[in-house]
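1. Please find the sequence and the predicted model below.
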Amino acid sequence: MRTTPPRALTIAGSDSGGGAGVQADLKTFLCCGVHGTSALTAVTVQNSLGVSGFYELPAQAVIEQVEAVVTDIGVQATKTGMLASAAVIEAVAEMVTRLDVGPLVVDPVCASQHGDALLRDDALEALRDLLVPLATLLTPNLPEARLLTGLEVRGRAGMSQAARALHARGPDWVLVKGGHTDDPDLALDVLFDGDREIELVADRHPSPHTHGTGDTLAAATTAALARGLAVEDAVHAAKAFVTASVADSFGLGAGLGPVGHFWPLEQHHRPAP
């Protein structure tokens with residue numbers, strides 16, 4: 001038998017189209033060399049055209065899933081994605097303080113890439129007040145940063161302002177993702193630890209098929225943390241992973257296709273010249 005690999009936990013919703021959510025997280029964990037475990041919070045009705053509905057699980061069901069995994073299998077890092085309701089957020093915050101879940105990456109999922117709501121109206125305050133302060137790393141995109149801070153976040157200066165405002169709420173690190181900026185050539189993210197601002201820059205690929213980008217970045221960071229990397233190194237590794245995944249994206253259905261998580265496997269199995 002081989003040595004047991006690092007384990008990571010995703011607490012998030014299911015994407016029936018397979019491009020985001022728990023499905024994207026588990027694919028990312030696998031391709032980053034980490035055994036993935038999961039606790040479902042909601043089931044979405046979703047395809048490449050958008051989200052037409054979702055059904056949240058009771059908070060107790062989420063609690064029991066997390067406890068079952070953590071107390072037996074153990075995890076070296078955890079991420080949250082779609083949490084759906086204030087009750088689930090409250091439950092997750094309580095478990096994070098009670099159980100050993102390792103470093104916590106909070107991806108504050110509020111809406112799908114199509115703009116479909118994935119968070120109940122009463123849940124934003126609970127997310128901001130209860131879970132954000134517990135994060136090792138908070139990873140909002142620009143719309144999520146606006147919702148969490150009330151700031152109009154557009155370019156580089158706004159990303160800096162949002163990162164500082166969010167860091168003041170308690171997370172150890174904040175990564176403001178710049179995928180929604182208007183720059184046609186570069187994808188810029190800003191990482192802030194309360195002292196330093198670190199820019200992460202990559203070429204922007206022209207593919208429209210970017211479904212699951214945010215989930216993949218957060219999951220790749222979680223996987224790197226589970227492998228023992230420091231936060232800054234983990235974010236750099238995740239940025240490289242998601243950039244390559246966008247370059248390897250593909251069409252699926254009649255709308256937005258997903259990023260391609262399988263490029264490491266394709267490289268491994270590519271015939272020698």
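-> Yep, that arrived.

2. Which parts of the stretch 101-250 of the chain are helices?
-> 123-126, 142-149, 156-167, 213-226, 231-247 (DSSP state H, counting those that start in this stretch).

3. Return the set of buried residues in the shortest one.
-> The one in question is helix 123-126. With burial defined by 16 or more other CB atoms under 10 Å, the residues of helix 123-126 counted as buried are 123-124, 126. For the C-beta atoms, the positions are set from N, CA and C on the backbone; glycine is no exception.

4. Out of the residues you listed, which is nearest to residue 30?
-> Closest approach to residue 30 among the buried residues of helix 123-126 (CB to CB): residue 123, at 29.6 Å.

5. My guess is the closest one contacts residue 92. True?
-> No - counting by CB atoms under 8 Å, no contact exists between residue 123 and residue 92, whose distance comes to 11.2 Å.

6. which residues are in contact with both of the two?
-> In terms of CB atoms under 8 Å, 6 or more residues apart in numbering, residue 123 and residue 92 are both contacted by the residues residue 83.

7. Quick one: residues in contact with stretch 89-99.
-> Counting contacts by CB under 8 Å, 6+ apart, the residues outside stretch 89-99 that touch it are 11, 59-60, 62-63, 66-67, 70-71, 78, 80, 83, 101, 104, 123, 126-127, 130-131, 134.

8. Averaged over its residues, which helix or strand of this structure has the lowest pLDDT?
-> The helix or strand of the chain with the lowest confidence, counting by mean pLDDT, DSSP states H and E, is helix 263-269 at a mean of 75.

9. Just the endpoints, please. Distance across stretch 196-216?
-> Distance between the two ends of stretch 196-216: 25 Å, counting by CA to CA, to the nearest Å.

10. Can you list the buried residues in the least confident helix or strand of the chain?
-> Using 16+ other CB under 10 Å as the burial criterion, the residues of helix 263-269 that qualify are 263-264.

11. Which strands and helices lie in contact with that helix?
-> Judged by 3 or more CB pairs under 8 Å, 6 or more residues apart in numbering; DSSP states H and E, helix 263-269 is in contact with helix 21-31, helix 231-247.

12. Format those helices as a markdown table; extra columns: mean pLDDT and distance to residue 15.
-> Output for the helices and strands packed on helix 263-269, formatted as a markdown table (pLDDT from 0 to 100; distance: least, CB to CB, whole Å):
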| stretch | mean pLDDT | distance to residue 15 |
| --- | --- | --- |
| helix 21-31 | 98 | 4 |
| helix 231-247 | 96 | 15 |
